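1. Build me a structure from this.
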Amino acid sequence: MLNRLTKTLLAALIPTLIVTSMASVRADVSDSLPDIGTTAGSTLSINQELQMGDFYVRQLRASAPLINDPLLNQYINQLGQRLVSHADAVKTPFHFFLIQNDELNAFAFFGGNVVLHASLFRFTDNESQLASVMAHEISHVTQRHLARAMEDQKRNAPLTWVGALGSILLAMANPQAGMAALTGTLAGSQQGIISFTQGNEQEADRIGIHVLQRAGFDPQAMPDFLQKLADQTRFSSKPPEILLTHPLPDSRLADARNRANQMRPVVVQSSQDFYMAKVRSLGMYPTGRNQLTGELLDQYANGNAREQLAAKYGKAVQFLQAKDFAAAKKIIAPLLAKQPGNVWLLDIMSDIDIGLNQPQQAIIMLNNASGAKNSPVVQLNLANAYVEAKQPANASRILNRYTWTNKDDPNGWDLLAQASAQQGLSDEELSARAESLALNGQLDQAISALSRASAQVPLGSLKQARYDARIDQLRQLQQRFKQYQKG
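-> Sure, this is the predicted structure:
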């Protein structure tokens, strides 16, 4: 029973590009569809989807190896939002996350949350291929396929299996940690099958390729990527993880190619950001097969101008990881002189200066970064440099603004806690740490930290009122989340 239910729930969880067999259909220039997605509202409202998405994101932060890299997160979210802006029927905000995992995978779940495995950077040849994966996932969300799967199972209350869903999300993101939770959740379960129809998968492919095209990417990238999956399966003893439970039928590849061929041919160059993100992901977050190899750097060194810059950046990343800061600086300094507003170069030079115990150099550089000074990445780097330079008041000034506009970024709260600790502001340190705990779903610990902060400040003060109000908010969040924890 466990095996069967695991597979069917995994199918319902929209595990990326993998689909059931479908008949080859003629490509169509319109992505208008019958209004069948809206019926899901009788089972699960948009507001419920958002709440469930918030709950699961917090669980993933606590248990999965999410990459909290400001540059990489900025890149995948900007790329994702570019696609979302060309999608129809968008009912929720979208958020994109990156997981340190060398198994090829991606998945989407409630509330417009899309998770990409870092292996996609290794496996995709260009930005259009990466975008094709994201467009497919976005289309699953806009069509509310998961909610519609629940609608099809009206005999079951929609929340009877949310615990299992959470465990499966964790298993997909972090197999070793997740399978223990999955076994505990599903053991003895008598839940019914939840699965997507061929029509669901056809919708995601059909809509996704039009989103891809409208966003300015090469529609041929979708069948090209699928062809790579098929080739890897054919010539490898172990197929990609996403193909183990859902084989890739030839009919799907043929259909994607047919649709792409009927679209206007377009030549699309990958952005500089794509190449920089690829070498950064492989160089700074290596795991298993995800490694920044000399072969890739040599290929880029002999490529176009964007690839050549990425090759130099990638070599500097390798030196940085080896703590050879002088060698890294020798590469980056002349590049930065030519591109003083390049956030990728500013970020790594900041790390180099701090590695050389010269945080003041980083502060000067970042404060003088014309055109990029207000970048969130630059602001985080500047705050970090102030912390390293033992100038915490300057760091707090930046971070108080940053956390106000970026409440869901753990980096800001962690730095603010460090800056507060350096100033001996124990209550503010506890408050910042409470926000990090809350983002990781540890609401009891967050409330405890805020209670201690409240006890340290004068009775009736504005600070105490703020801490107590936040405690009330987190308790309300606990009450909302109880129904999902009971799943």
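2. In three-state terms, label Gly216 for me.
-> For Gly216, the assignment made with DSSP: H, G, I helix; E, B strand; the rest coil gives coil.
3. so the closest residue to it other than its chain neighbours, which of the three states?
-> Counting by CB to CB, 6 or more residues apart in numbering, the nearest residue to Gly216 once its immediate chain neighbours are dropped is Val268, at 6.9 Å. Any C-beta I mention is one placed from the backbone N, CA and C, and that applies to glycine too. Using three-state DSSP as the criterion, the local structure at Val268 reads coil.
4. Please enumerate residues in contact with the helix with the most length in the chain?
-> The single longest helix within the chain, with elements called by DSSP state H, is helix 462-485. Applying CB atoms under 8 Å, 6 or more residues apart in numbering, the contact partners of helix 462-485 are 51-52, 55, 159, 162-163, 166, 427, 431, 434, 438, 443-444, 446-447, 450-451, 453-454, 457-458.
5. From Leu380, how far out is Met365?
-> With distances defined as CB to CB, to the nearest Å, the gap from Met365 to Leu380 amounts to 14 Å.
6. Looking at those two, which is more packed in?
-> Remark: of Met365 and Leu380, Leu380 carries more neighbours, 23 against 19, as counted by other CB atoms under 10 Å.
7. Please report the number of neighbouring residues for Phe109.
-> Phe109: 25 surrounding residues under other CB under 10 Å.
8. Enumerate every residue touching the residue nearest to Gly216.
-> By CB under 8 Å, 6+ apart, Val268 lies in contact with 126-128, 216-218.
9. If any of these are buried, put those into a ChimeraX selection.
-> To isolate the buried subset of these in ChimeraX, counting by 16 or more other CB atoms under 10 Å, use the following:
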select :126,127,128,217,218
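10. Please tabulate the contacts of Val268 in TSV, including the columns distance to Leu229 and pLDDT.
-> Written out in TSV, the entries for these read as follows (distance: CB to CB, whole Å; pLDDT from 0 to 100):
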residue	distance to Leu229	pLDDT
Asn126	16	97
Glu127	18	98
Ser128	16	98
Gly216	24	97
Phe217	18	97
Asp218	17	97
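11. among the contacts of Val268, which two are most distant?
-> Of all pairs drawn from these, the greatest distance, 13.2 Å, lies between Asn126 and Gly216 (CB to CB).
12. Could you list everything the most centrally placed residue in the chain pairs with in the sheet?
-> In the chain, the C-alpha closest to the average C-alpha coordinate belongs to Phe97, at a distance of 0.8 Å (CA atoms, centre = their mean). Partner residues in beta bridges with Phe97: Val115, with DSSP bridges as the criterion.
13. picking up where we left off before, so of the contacts of helix 462-485, which ones are in helices?
-> 51-52, 55, 162-163, 166, 427, 431, 434, 438, 443-444, 446-447, 450-451, 453-454.
14. Buried subset of those, written for ChimeraX?
-> To isolate the buried subset of these in ChimeraX, counting by 16+ other CB under 10 Å, use the following:
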select :51,52,55,162,163,166,427,431,434,438,443,446,447,450,453,454
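15. Okay, helices next: where are they in the stretch 201-350 of the chain?
-> 221-235, 250-261, 272-284, 294-301, 305-321, 325-338, 343-355 (DSSP state H, counting those that start in this stretch).
16. could I get those as a markdown table with mean pLDDT and mean neighbour count?
-> Formatted as a markdown table, the entries for those read as follows, by pLDDT from 0 to 100; neighbours: other CB atoms under 10 Å:
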| stretch | mean pLDDT | mean neighbour count |
| --- | --- | --- |
| helix 221-235 | 84 | 18 |
| helix 250-261 | 85 | 18 |
| helix 272-284 | 98 | 23 |
| helix 294-301 | 98 | 15 |
| helix 305-321 | 98 | 20 |
| helix 325-338 | 98 | 16 |
| helix 343-355 | 98 | 23 |
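17. so where is this structure shaky, pLDDT-wise?
-> Low-confidence segments of the chain, defined by pLDDT under 70: 1-43, 147, 149-201, 235-250, 486-487.
18. Show me the domain layout of it.
-> Structural domains assigned to the chain are 2-261, 425-487, following automatic domain parsing.
19. measure the closest residue to Asp102 other than its chain neighbours to Leu104 for me?
-> Sequence neighbours aside, Gly288 is the residue nearest to Asp102 in space, at 3.3 Å (criterion: CB to CB, 6+ apart). Counting by CB to CB, the separation of Gly288 from Leu104 is 11 Å.
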